[in-house]
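*Asks:* coords please:
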Amino acid sequence: MSKGVIHKLWFSFFDRGEYKGGEPAYFDLNKIEWTKILNENKESILNEFQTVNADSYSPYFNQSVVNETHIWTTISLRFWTVNYYRNQKKYPVIMNVLNQIPGLLTVSINKLEAGGHIVPHNGDSNGFYRCHFGLDIPSGLPETGFKVLEERREWKKGELLVFCDANIHEAWNKSKIDRYILVFDVIRPEFKNQKRKLVHVITASIFLQGLAEKIPLLYKLPLIIQGGIHFFARMCSIIYIPTRNFVAQLFA
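*Replies:* Numbers count the residues shown, from 1 in each chain. Predicted coordinates:
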């Protein structure tokens with residue numbers, strides 16, 4: 001984080017355009033206290049990933065940012081505080097480790113198939129740390145890698161990359177083997193008092209992105225109408241998330 005910079009909570013839906021918040025391409029892991037939890041438990045996480053034979057990958061919700069449909073897929077364990085308890089039961093070690101991190105918002109296992117390219121894009125907000133933990137990495141740069149702003153890095157098995165999702169970023173896997181990473185989001189300390197706003201604004205934004213893939217004309221509507229749809233979706237999420245978690249836990 002840049003010295004002297006006071007960060008305002010930014011949302012791509014409201015602010016539009018390219019994010020220019022001043023964060024570095026990647027955060028310094030030595031300045032994020034909870035990263036030691038990953039270091040202390042990385043072997044357990046890797047062992048569980050290798051032993052669980054999971055085939056329940058689903059296409060990432062926004063397929064507009066990939067070079068080929070369904071080449072980027074995930075197993076959701078937690079999605080903006082919505083808990084997928086059945087999936088969590090398959091990965092108890094991963095969940096036990098990550099639940100030790102204050103402000104954990106999302107958890108998923110992310111597969112980018114051989115030949116996949118996630119094109120440059122910015123995420124929904126600057127309010128959280130987006131974290132990539134290498135699970136099974138076929139190769140390094142230049143064949144397989146990740147880019148935030150102008151800085152390229154490679155994933156490494158058992159190692160962590162942390163960045164601001166609002167910054168322009170892209171990923172590619174030009175190898176002939178699928179790439180797997182653990183992806184999770186953690187609220188940044190300066191925004192911890194705005195967690196509810198962050199969760200519900202992003203949940204509503206994701207709903208609109210999914211709707212726009214089916215109805216492309218949505219983004220051509222006047223901003224006031226888009227804003228009205230977003231507000232309605234946001235109000236629905238306030239009711240839906242706790243209700244869904246309660247019911248899902250009963251039947252998990």
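
*Asks:* what about Leu112, how many neighbours?
*Replies:* By the criterion of other Cβ atoms under 10 Å, Leu112 has 26 neighbours. Any C-beta I mention is one placed from the backbone N, CA and C, and that applies to glycine too.

*Asks:* Residue most distant from the centroid, this structure?
*Replies:* Pro222 (28.5 Å; Cα atoms, centre = their mean).

*Asks:* how far away is that residue from Lys174?
*Replies:* 41 Å (Cβ to Cβ, to the nearest Å).

*Asks:* With Asp165 instead?
*Replies:* Distance of Asp165 to Lys174, given as Cβ to Cβ: 23 Å.

*Asks:* who has more neighbours, the two?
*Replies:* For Asp165 versus Lys174, neighbours defined as other Cβ under 10 Å are more numerous around Asp165 (21 against 14).

*Asks:* who's in contact with the more buried one?
*Replies:* Asn122, Gly123, Asp124, Ser125, Asn126, Phe128, Arg130, Asp185 (Cβ atoms under 8 Å, 6 or more residues apart in numbering).

*Asks:* Please tell me how far it sits from Gln194.
*Replies:* From Asp165 to Gln194 the distance is 16 Å (Cβ to Cβ).

*Asks:* Kindly report the same for Leu9.
*Replies:* 6 Å.

*Asks:* Excluding covalently adjacent residues, which one is nearest to Lys197?
*Replies:* Leu9 (7.3 Å; Cβ to Cβ, 6 or more residues apart in numbering).

*Asks:* Surely that neighbour forms part of a strand?
*Replies:* No - applying DSSP: H, G, I helix; E, B strand; the rest coil, one finds Leu9 to be coil, outside a strand.

*Asks:* What is the burial count for it?
*Replies:* Neighbour tally, Leu9, other Cβ under 10 Å: 16.

*Asks:* Ser125 is in contact with that one, correct?
*Replies:* Yes - look at Leu9 against Ser125 with Cβ atoms under 8 Å: they come within range, at 7.0 Å.

*Asks:* where's the worst-scoring helix or strand of the chain on mean pLDDT relative to the chain centroid, distance-wise?
*Replies:* Ranked by mean pLDDT, DSSP states H and E, the weakest helix or strand in the chain is strand 58-59, scoring a mean of 87. In terms of Cα atoms, centre = their mean, to the nearest Å, the centre of strand 58-59 is found 14 Å from the chain centre.

*Asks:* Partner strands of it, with direction?
*Replies:* strand 72-79 (antiparallel) (DSSP bridges).
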